[in-house]
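Trainee: quick one, structure for this:
(2 chains)
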2 protein chains.
Amino acid sequence: MAEASAKNGHGAGNGTPTDKARIWGGIDLGGTKIEAVVVDARGEVLGRARHPTPAAGGPGEVVKELYGTLGEAAQAAGVEPAKLAGVGVGAPGSVDANSGTLAHTSNVAGGWDAPYPLASDLRDLVGGGKVALGNDVQVAVAAEYKLGAGRNYRSVLGVWWGTGVGGGLVLNGVPWRGQGSAGEIGHMVVKPDGARCGCGRRGCLEAYAGRACMERKARAEAKRGEKTLLFDIMREKKRTRLSSSVWARALKEKDPLATWLIERAIGMMGVAIASVINLLDVEAVVIGGGLGSRLAPMYLGAIEDAMRPHLFTTERKPAMHIAELGDLSGAIGAALLAGPPM
Amino acid sequence: MAEASAKNGHGAGNGTPTDKARIWGGIDLGGTKIEAVVVDARGEVLGRARHPTPAAGGPGEVVKELYGTLGEAAQAAGVEPAKLAGVGVGAPGSVDANSGTLAHTSNVAGGWDAPYPLASDLRDLVGGGKVALGNDVQVAVAAEYKLGAGRNYRSVLGVWWGTGVGGGLVLNGVPWRGQGSAGEIGHMVVKPDGARCGCGRRGCLEAYAGRACMERKARAEAKRGEKTLLFDIMREKKRTRLSSSVWARALKEKDPLATWLIERAIGMMGVAIASVINLLDVEAVVIGGGLGSRLAPMYLGAIEDAMRPHLFTTERKPAMHIAELGDLSGAIGAALLAGPPM
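Mentor: Numbering: from 1, shown residues only, chains lettered A, B, ... in the order given. Okay, here's the model as predicted:
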């Protein structure tokens, strides 16, 4: 088996495309961490690694770190990176899959605006194999569709609930990207002239449900004298932000402000998801992302309840699921982008 | 040419499928009128007819009238209905294309709830040719996509602005129906706990922009003492409802209530359409329907203005168009459903 030989590091060769193993690399480039996996033709994870995202230094530093993380994952899988048949990268910001560039990455390594040729840089580093670039949320949703919570459906809406609220669509088995920017469920309007969103607009779903916007609101309310445990828990956990685990703990302790903000978020989540169902009539919804993975097990029923008053077709309701691939959905989805023939 | 021979009524035969001309029928079954066309393989209209929808009598009366209208259109095209290679019907309500049934038609001939086998009834009447059933708005949007305002695009959102607000999607050249009920842009939520919609829910786009809901609101405001010309114009035109032409006239005369209601409708239209663009990133939007066809030429820019503050991707904006096939988009779209190989 090609997989086994690669896994054991057999075979010489100089990494030319003809010499590739049936093994693929996937990298999830996030604002705080880089997650890499090496997978076989069935999407099975053979090795993984995680590095922090460089805090500064721009694209050059990011590329080095991507390669370092992937190298470690390859090592864990017992294969040289040059042997990988292809590598996929899921990234936030504006991905141009055709030109292999990444632009507008405000959260990564200090951020950069101009399109950077990430794919060709990585192509040099991984020995000339195929390099594919995709949107981080879209590839994560594709992974859940193929291997995770969405595998029994043909059409799926993924809602990635984290710092922001991202989305991805698979329609009749095909990821739907529109002209390249589809999936922004976080910027669907749930309340005209509503709360200010991180994107500068008003009334977006993300303005109510995104972790960053919820934190901003919590700070404003605390400043106004509202009592809350959120910031005590944050300090106790030695965090500087209201991370998912801070929210989870505050909710567990029935902190009123945390509870109110999460219930408000879930109410708006119900509005937006129901609107998507009315528009697209997909079979299933998969909730993922940092906050989603943490909170959805407790709140999936509440999200469904929040959707119900807004669903137009009452004869059936979409199946609701929590993402199953956890932290690795992005990296696995990125690897799938590079081409395991599934 | 088969078309010409059919057009001139040549050829005998008993209407068996082997004897069919390359000519198709299309019927748009609406709440007030039935519109029928006969088209050739390019979707060119060879004949058309219009009858009022029976006010009562249920499915039996409707089928008779569908046949009558189609027969008249066929006569205008110089062909016997039995010669048609196929017939398509676009209908409001719950269409089950596979079983050929139509259910939940509150607006048609007194309305009926149980699924009625419309397709098989028509199959008998048109000599055993193919009969296809589709949702009225979806087929109209498909017609605009293939032959009208959407013909230069691969992905189109159609917004059918009339008594209600319907929608249709063509994604990468394929009509998107979801599990059968997709396209309900009119029931996307634009304001949680907002105005009451005809569907019984609150805050739907249709609650603000649908003609029926706008009329209800206008009557309530007039009753409350708000001055308006709307009902004077209605009586003058010998109507019992605020038809599209009544609205158009009141707007022309700068009636404040009519203007306020239409501007409110357009504001919410902007919210909903922008949300769809953020989610799906389609190339173009086509505005049709009774009110849309009448008002969009005047208000297309206003709809765009209302969308702008909510669009997430600012680098490009969707192309905005008015439906080009007018009253016939539904009937032509229905005919296309039956199979001209386009």
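
Trainee: which residues touch residue A:31?
Mentor: A:53, A:92, A:107-108, A:163 (CB atoms under 8 Å, 6 or more residues apart in numbering or on different chains). Heads up, the C-betas are built off the backbone N, CA and C, glycines and all.

Trainee: which one of these has the most neighbours?
Mentor: residue A:163 (25 neighbours; other CB atoms under 10 Å in any protein chain shown).

Trainee: in three-state terms, label the residue of the stretch 101-250 of chain A found nearest chain B for me.
Mentor: Relative to chain B, the nearest point of the stretch 101-250 of chain A is residue A:178 (2.5 Å; CB to the nearest CB). With DSSP: H, G, I helix; E, B strand; the rest coil as the basis, residue A:178 sits in coil.

Trainee: isn't it up against residue B:282?
Mentor: Yes - with contacts counted by CB atoms under 8 Å, residue A:178 reaches residue B:282, the gap being 6.1 Å.

Trainee: overlap of the contact sets of the two?
Mentor: In contact with both residue A:178 and residue B:282: residue B:155, using CB under 8 Å, 6+ apart.

Trainee: so for the contacts of residue A:31, which is the shakiest by pLDDT?
Mentor: Least confident of the contacts of residue A:31 in the model: residue A:107, at 70.

Trainee: that residue contacts residue A:91, correct?
Mentor: No - using CB under 8 Å, residue A:107 is not in contact with residue A:91, being 10.1 Å away.

Trainee: please identify which of residue A:178 and residue B:282 sits among more neighbours.
Mentor: residue B:282 (25 against 21).

Trainee: quick one: pLDDT of the nearest residue to that one once chain neighbours are set aside?
Mentor: Leaving aside its sequence neighbours, residue B:282 sits nearest to residue B:155 (CB to CB, 6 or more residues apart in numbering or on different chains; 4.1 Å). We have a pLDDT of 98 for residue B:155.

Trainee: mind checking how far the residue of the stretch 201-342 of chain A found nearest chain B is from residue B:180?
Mentor: Going by CB to the nearest CB, chain B is nearest to residue A:281 of the stretch 201-342 of chain A, at 2.5 Å. Residue A:281 sits 7 Å away from residue B:180, taking CB to CB, to the nearest Å as the criterion.

Trainee: which of those two has more neighbours?
Mentor: A side-by-side neighbour count of residue A:281 and residue B:180, using other CB under 10 Å, places residue A:281 first with 21 against 15.

Trainee: C-alpha coordinates for stretch A:146-165, PDB please?
Mentor: The C-alpha trace of stretch A:146-165 is given here as PDB (Å, rounded to 0.1, in the frame of the first residue of the first chain):
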ATOM      1  CA  LYS A 146     -17.600  14.400   3.600                       C
ATOM      2  CA  LEU A 147     -16.400  12.800   6.800                       C
ATOM      3  CA  GLY A 148     -18.200  14.400   9.700                       C
ATOM      4  CA  ALA A 149     -21.700  15.400  10.900                       C
ATOM      5  CA  GLY A 150     -22.900  16.100   7.300                       C
ATOM      6  CA  ARG A 151     -21.900  12.900   5.700                       C
ATOM      7  CA  ASN A 152     -25.500  11.500   5.400                       C
ATOM      8  CA  TYR A 153     -26.800  14.600   3.500                       C
ATOM      9  CA  ARG A 154     -26.400  16.100   0.100                       C
ATOM     10  CA  SER A 155     -27.000  19.700   1.100                       C
ATOM     11  CA  VAL A 156     -25.700  21.200   4.300                       C
ATOM     12  CA  LEU A 157     -25.400  24.700   5.900                       C
ATOM     13  CA  GLY A 158     -22.300  24.900   8.200                       C
ATOM     14  CA  VAL A 159     -22.400  27.700  10.800                       C
ATOM     15  CA  TRP A 160     -18.900  28.300  12.300                       C
ATOM     16  CA  TRP A 161     -19.500  30.100  15.600                       C
ATOM     17  CA  GLY A 162     -16.300  31.600  17.000                       C
ATOM     18  CA  THR A 163     -14.600  35.000  17.100                       C
ATOM     19  CA  GLY A 164     -16.800  35.800  14.200                       C
ATOM     20  CA  VAL A 165     -19.600  33.800  12.600                       C
END
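
Trainee: count of residues packed around residue A:302?
Mentor: Residue A:302: 17 neighbours (other CB under 10 Å).

Trainee: which residue is the nearest non-sequential neighbour of it?
Mentor: Closest to residue A:302 by CB to CB, 6+ apart is residue A:266, at 5.1 Å.

Trainee: for the one you found, give me the pLDDT.
Mentor: Confidence for residue A:266, expressed as pLDDT, is 98.

Trainee: now name the helix or strand holding it.
Mentor: Element membership for residue A:266 (DSSP states H and E) is helix A:256-280.

Trainee: that helix packs against which elements?
Mentor: Applying 3 or more CB pairs under 8 Å, 6 or more residues apart in numbering or on different chains; DSSP states H and E, one finds that helix A:256-280 makes contact with strand A:156-161, strand A:165-171, helix A:205-209, helix A:211-223, helix A:244-252, helix A:290-307, strand B:165-171, helix B:256-280.

Trainee: counting contacts, what elements does the fifth one pack onto?
Mentor: I take that to be helix A:244-252. helix A:211-223, helix A:230-236, helix A:256-280, helix A:290-307.

Trainee: check what pLDDT the most centrally placed residue in chain A gets.
Mentor: Using CA atoms, centre = their mean, the residue of chain A that lies closest to the mean C-alpha position is residue A:137, 3.9 Å off. In this prediction, residue A:137 carries a pLDDT score of 95.

Trainee: got it, and residue A:5?
Mentor: pLDDT at residue A:5 comes out at 32.

Trainee: on that earlier part again, where do the contact lists of residue A:281 and residue B:180 overlap?
Mentor: Joint contacts of residue A:281 and residue B:180 (CB under 8 Å, 6+ apart) do not exist.

Trainee: neighbours around residue A:121, how many?
Mentor: With other CB under 10 Å as criterion, residue A:121 counts 19.

Trainee: double-check that it belongs to a helix.
Mentor: Yes - Residue A:121 sits within a helix when classified using three-state DSSP.

Trainee: rewinding a little: need the winner for burial among the helices and strands packed on helix A:244-252.
Mentor: helix A:256-280 (a mean of 23; mean count of other CB atoms under 10 Å in any protein chain shown).

Trainee: how far is that helix from where the chain is centred?
Mentor: Distance of helix A:256-280 from the chain centroid (CA atoms, centre = their mean, to the nearest Å) equals 19 Å.
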